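Asker: whatever this is, show me its structure:
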Amino acid sequence: MSSGENDSLYHVDCDVGHVHRADLETVDALARACLNARRFGVRLRVVNASRELQQLIEFAGLEEVLDGRGRRQTEQREEPLGVEERGEAGDPAL
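Answerer: Predicted coordinates for the structure are as follows:
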């Protein structure tokens with residue numbers, strides 16, 4: 001385990017290989033377990049997830065939180081969608 005890979009010293013692997021029918025309730029339960037683990041300074045990693053569960057985790061936007069594969073790098077500090085720069089009252093419109 002490299003120091004940049006995890007936020008904490010300890011991690012727990014949550015083996016979900018036995019989950020045969022995944023749904024968003026499953027993802028919600030995993031996200032809550034992850035949050036509780038972090039409160040205790042432990043990083044929870046989901047392992048042996050089916051392709052269906054992996055897709056649901058990605059759909060929920062939690063792949064960086066729940067999988068054990070490290071973090072994606074943001075590209076050049078992208079601004080959130082819908083954010084526009086404001087100008088002065090007299091500035092010409094572009």
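Asker: quick check: mean pLDDT across the helix of greatest length in the chain?
Answerer: For the chain, the helix reaching the highest residue count under DSSP state H is reported as helix 24-39. The pLDDT scores in helix 24-39 average 93.
Asker: right, and the helix or strand after that helix?
Answerer: Downstream of helix 24-39, the next assigned helix or strand under DSSP states H and E is strand 42-47.
Asker: for that following strand, buried residues please.
Answerer: Val42, Arg43, Leu44, Arg45, Val46 (16 or more other Cβ atoms under 10 Å). Yep, even glycine has a C-beta here, placed from its N, CA and C like the rest.
Asker: and the angle from the very next helix or strand once past it to strand 42-47?
Answerer: Once strand 42-47 ends, the next helix or strand along the chain (criterion: DSSP H and E) is helix 51-59. Per axes from the mean of the first three to the mean of the last three Cα atoms, to 10 degrees, the angle that helix 51-59 makes with strand 42-47 is 130 degrees.
Asker: may I have helix 51-59 as PDB, with CA atoms only?
Answerer: In PDB, the C-alpha atoms belonging to helix 51-59 read as follows (Å, rounded to 0.1, in the frame of the first residue of the first chain):
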ATOM      1  CA  ARG A  51     -19.800  -6.200 -13.600                       C
ATOM      2  CA  GLU A  52     -23.400  -5.100 -12.800                       C
ATOM      3  CA  LEU A  53     -22.400  -3.800  -9.400                       C
ATOM      4  CA  GLN A  54     -19.400  -2.000 -10.800                       C
ATOM      5  CA  GLN A  55     -21.600  -0.300 -13.300                       C
ATOM      6  CA  LEU A  56     -24.100   0.800 -10.600                       C
ATOM      7  CA  ILE A  57     -21.200   2.200  -8.500                       C
ATOM      8  CA  GLU A  58     -20.000   4.100 -11.500                       C
ATOM      9  CA  PHE A  59     -23.500   5.300 -12.300                       C
END
